[in-house]
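Undergrad: What follows is a predicted protein model with its sequence.
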Amino acid sequence: DPVSAWDREALTALRAAVARRDVAGIRAVVSRRDPDAVLQLAGEGLLAEPADPLARECAERLRRRDLDGDAELADALQGRPSDLRPLAVDLEELASILEGDPVHGGGRIDLATGDVWHHSPFEESIDDEEREDEERWLWVEASSNAGWSDMSDFVDIVDDARLADRLERAIHGPRPFRQFRDALAEHPDELTRFHLFADERQRGRTRRWLADHGLRSVGRSYVD
């Protein structure tokens, strides 16, 4: 089978290539694996060279899949006109706020730089003038609802009936996130598969959230 499984080593290599905006590196990692599993992640790096054949293929696959955020990324890869304001924001960092603890979470985006700041929405060090500066900051509130849905949807694609049953009971019991991850910890391949599954969806939801606020991610390079 020319499509090999996405393991931790391959994902680490892909993440590094995306962070460097290394299109050749992205192509090398994706070429022997299922691209549909990493369209949001790979597509972020491919924004550096939208004319690349892999970028065009990624856009086509995104439109066929049509999850949250897929259309927005496909539009960007295909260079379609957009009224959205471009911003170099780290989608993974922003997702960690959007889908974090709604009680102790929250944060803001610096609209001048794209930097993401974590803090409690009740943080006393933030003065009223800073809170009201809508041209500089976009405030972010957290919700864990989508994260629970990811776990529930993942259970539906687990082939091991016993594991699927255990995961189903975990997400409907106390401390569902902890119990779910504890159950998957005994199945490292499935744990990696879940991280890939959830990460792809989180990136798409975050991209869609930005679009709903008039913004589009143009990727963020971490080249030294």
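TA: Sure, I can see it.

Undergrad: Am I right that Pro86 sits in a strand?
TA: Yes - looking at Pro86 with DSSP: H, G, I helix; E, B strand; the rest coil, it is inside a strand.

Undergrad: For it, name its beta-bridge partners.
TA: Following DSSP bridges, Pro86 is listed with bridge partners Arg216.

Undergrad: what number of residues lie near it?
TA: 13 (other Cβ atoms under 10 Å). All C-beta atoms are positioned from the backbone trio N, CA, C, and that covers glycine.

Undergrad: for it, what are its contacts?
TA: Pro86 sits next to 215-216, 218 when contact means Cβ atoms under 8 Å, 6 or more residues apart in numbering.

Undergrad: That one and Ala55: what is the separation?
TA: Distance, Pro86 to Ala55, using Cβ to Cβ, to the nearest Å: 17 Å.

Undergrad: One more: His119?
TA: 36 Å.

Undergrad: Between these two, which is the more surrounded one?
TA: Shown here are His119 and Ala55; by other Cβ under 10 Å, Ala55 has more neighbours (24 against 15).

Undergrad: What mean pLDDT does the helix or strand harbouring the more buried one get?
TA: In this structure, Ala55 sits in helix 53-65 according to DSSP states H and E. Averaged over helix 53-65, pLDDT sits at 97.

Undergrad: residues of it that come out buried?
TA: 54-55, 58-59, 61-62 (16 or more other Cβ atoms under 10 Å).

Undergrad: For that helix, name the packing helices and strands.
TA: helix 23-30, helix 39-46, helix 70-77 (3 or more Cβ pairs under 8 Å, 6 or more residues apart in numbering; DSSP states H and E).

Undergrad: Tell me which of those helices approaches Gly147 most closely.
TA: helix 39-46 (16.0 Å; Cβ to Cβ).

Undergrad: before we move on, the earlier item: any chance of the contacts of Pro86 in CSV, plus distance to Arg201?
TA: Shown next, in CSV, are the contacts of Pro86 (distance: Cβ to Cβ, whole Å):
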residue, distance to Arg201
Leu215, 19
Arg216, 18
Val218, 21
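
Undergrad: in the chain, what spans have low per-residue confidence?
TA: Applying pLDDT under 70 to the chain flags residues 1-4, 101-105, 120-132, 221-224.

Undergrad: quick check: angle from the helix ranked longest in it to helix 70-77?
TA: Counting residues, the longest helix found in the chain (DSSP state H) is helix 188-212. If you take axes from the mean of the first three to the mean of the last three Cα atoms, to 10 degrees, helix 188-212 sits at 70 degrees to helix 70-77.

Undergrad: got the angle for helix 188-212 vs helix 53-65?
TA: Going by the same axes, to 10 degrees, helix 188-212 makes 90 degrees with helix 53-65.

Undergrad: ok, back up a step: which of the buried residues of helix 53-65 lies closest to Gly147?
TA: Taking the buried residues of helix 53-65 together and measuring to Gly147 by Cβ to Cβ, the closest member is Leu62, at 22.1 Å.

Undergrad: and Ala185, what does it touch?
TA: Contacts of Ala185 (Cβ under 8 Å, 6+ apart): Leu191.

Undergrad: all numbers from here: first residue = 564
TA: In the new count, where the first residue is 564, that last one comes out as Ala748.
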